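Participant: please find the sequence and the predicted model below.
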Amino acid sequence: MGNISVTIPDGTSQTFEKGITAGEALKELVSSKIRKKTVAVKNNGVAVDLSVPLVIDSVLEPVAIDSDEGLDILRHSAAHIMALAVRQLFGSDIKVAIGPSIENGFYYDFDRDEPFTPDDFEKIENKMADIVTGRLPFERKEMPVRDAIEFFERQGEKYKVELLKEIEADTVSLYQQGDFVDLCRGPHLPDSSWLKAFKMLRVAGSYWRGDEKNAMLQRLYGTAFYDKKDLKKYLAQLEEAKKRDHRRLGKELALFTIQDQIGPGLILWQPRGALLRKLIEDYWKDEHYRHGYELLYTPHIARQDLWKTSGHLDFYGENMYSGMEIDEVKYQLKPMNCPFHIGIYQSNKHSYREFPIRWCELGTVYRYERTGALHGLLRVRGFTQDDAHIFCRPDQLEDEIFNIIDLNLLILKTFGFDQYDIYLSTRPEKHVGSDDHWEAATEALKQALVKKGLDYELDPGEGVFYGPKIDIKIKDQLGRSWQCSTIQVDFNLPERFEMSYTGDDGQEHQPIMIHRALMGSLERFVGVLIEHYAGAFPLWMAPEQARILNITDDQYHYSEAVYDRLRKLNIRIEKDLRNEKLNYKIREAQLMKIPYMIIIGEREKEDGTITIRKRNGENLPPMTPQEFAEMVSRECQEETGLSN
Ligand SMILES: [Zn+2]
Ligand SMILES: [Zn+2]
């Protein structure tokens, strides 16, 4: 036995006998207060169990259970504990697939004939609680892959066997808890007693390895937190998210529908949704016009050869729908708008003096998504990108990026998003374009962010193969992040399409191309907007800004006259003149989240006025229809910062 030295981040170092576990070493090195929260340890940068024996000089960094990494370990361990509970309850012949931690929770996939139901959740939770009380340790064993395959074959765990057969290492680690042995890299909680706050959430079907040709498994979802307080907060947030679910609100507010006879992932916009979309599109177009963009329209299909030139067929083919033949020439639906904009560029010769060229289009594209991945408006098969392509000279790149970010943040702010996370992704290993170009472009992106005074996170090597990019994730009212905006420099397409312009030296040069989407797609963005506002849209984008409610039939004709007047004054107005109780009509308008209710009774009829009730219940003093229209237009202007 020799000695090793163990160092902790503050520099404290001590010598121990080789073979001491990380946990034992920490007992000497850190306070009991820290140890109480230490769930695992980073040994020379790699997260491992506290029970791991140290055999070389080590730098140990305690992983706190309430840190991001600690929570990951907690949740992943909870998945093991859930699997053990399920097998104890429903029989060890249930086969297990995989059980990772995910954002805010964990899941485990089970192969079991009988379906799990929400009624089973309480049983599983109780059994998990027993396991927690039993303080069952996670015991790690290493064995040659061949032995592990034999072991799991004996148990009939075919999924584990399949995974093992693909592993290239010589040995793997198994973890045993009670009589449940799982193939796993670890690390885990020292024992089950660390799991203090958990909850089963739902069950869903899931294909083995996400492939529809494979067996359908049952995925049990759960969540776990460091303490009960955090768990409670998260469950309340889930409840709130459920209320805001855009699929549910989309139906209740009659915004959109998805129907089997049309096809999954294809959105039908109902009148109210279509109007909402029109308002968003109009604002988008106007704002782009003000920022020096020109609008394009392009078709939905193009010759297959175009997609060969662009490289989409080679690199993106599996997301494209198969071709159709027209006059013996193959055509395909577009997955992207870029080659069309390049086509327009190539319809003329260009000089450096014309740059920058800023072209935008609300372009509808079609991409294949697995049925299982489709989700309301958020993941669809046909969608309209708020696309733009900027062509410029290298010396204009930084300014253009700055302008794009400026417009991006302005539009997001108008829609009510002023919190975001920004990521700058740099050159990946596989890439096209010279290193000089990459460096210059990355620097331009960086400088634009700095000039704008924006904090960003660097994602080294995460750029697209054709250029560096900036991604902006917006935060909604529940603090959830949504990836919407992306700004990408492209060295690839200008090369492939041999694009050029005449420089001030009289020579031909290749322009820089920037792809950019602010909202991502209208479908996705409207989905996010519905959840962000819980369906109560700001006045400027509310499909129905006001609804007229008469108190009795005596005001019928006056109400009709007010309706006509306000329609002519461009108010998006509807009327509910049914012979129903006023309270009933108010409740219905409330459910449709209409900003203003216009109540008309005898007094209003006599005075030629209207009384306004806001959707929050507040009443405004009587005013004339003209005054109301002016108020609405003023408020919309304030919301959008527009003068129309
Ligand atoms: Zn594990
Ligand atoms: Zn593009």
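Facilitator: Received, thanks. Ligands and ions are numbered 1, 2, ... in the order given.
Participant: quick one: pLDDT of the residue in the stretch 51-200 of the chain positioned nearest to ligand 2?
Facilitator: In the stretch 51-200 of the chain, the residue that lies nearest ligand 2 is Glu103 (28.8 Å; Cβ to the ion). Using the backbone N, CA and C atoms, a C-beta is placed for each residue, glycine as well. At Glu103, the model reports a pLDDT of 90.
Participant: over to it: give its phi and psi.
Facilitator: phi -60, psi 120 (degrees, to the nearest 10).
Participant: where in the protein is pLDDT low?
Facilitator: Applying pLDDT under 70 to the chain flags the ranges 1, 642-644.
Participant: what parts of the protein come near ligand 2?
Facilitator: Near ligand 2, the residues belonging to the chain are Cys338, His515 when assessed by Cβ under 5 Å from the ion.
Participant: tell me how many other residues crowd the residue of the stretch 51-200 of the chain closest to ligand 2.
Facilitator: For Glu103, the neighbour count with other Cβ atoms under 10 Å is 9.
Participant: just the closest residue of the stretch 401-550 of the chain to ligand 2, please.
Facilitator: His515 (3.4 Å).
Participant: in the stretch 151-300 of the chain, what residue lies closest to ligand 2?
Facilitator: At 11.4 Å from ligand 2, Thr298 is the closest residue in the stretch 151-300 of the chain, using Cβ to the ion.
Participant: tell me if the residue of the stretch 401-550 of the chain closest to ligand 2 really is in a strand.
Facilitator: Yes - under DSSP: H, G, I helix; E, B strand; the rest coil, His515 sits within a strand.
Participant: so what sits opposite it in the bridge?
Facilitator: Judged by DSSP bridges, the bridge partners of His515 are His389, Gln488.
Participant: picking that back up, not counting its neighbours along the chain, what's nearest the residue of the stretch 151-300 of the chain closest to ligand 2?
Facilitator: Spatially, and ignoring its direct neighbours in sequence, Thr298 is nearest to Phe340 (3.6 Å; Cβ to Cβ, 6 or more residues apart in numbering).
Participant: again, but for Pro62
Facilitator: Thr38 (4.1 Å).
Participant: repeat for Phe225
Facilitator: Nearest non-adjacent residue to Phe225, counting by Cβ to Cβ, 6+ apart: Leu231, 4.2 Å away.
Participant: now do Leu74
Facilitator: Nearest residue to Leu74, sequence neighbours excluded (Cβ to Cβ, 6+ apart): Ala224, at 5.4 Å.
Participant: contacting residues for the residue in the stretch 351-500 of the chain that ligand 2 sits nearest to?
Facilitator: Per Cβ to the ion, His389 is where the stretch 351-500 of the chain lies closest to ligand 2, at 5.6 Å. His389 sits next to Asn337, Cys338, His341, Ile342, Trp359, Cys360, Met513, Ile514, His515, Arg516 when contact means Cβ atoms under 8 Å, 6 or more residues apart in numbering.
Participant: tally of neighbours for the first one?
Facilitator: Around Asn337 there are 24 other residues, counting by other Cβ under 10 Å.
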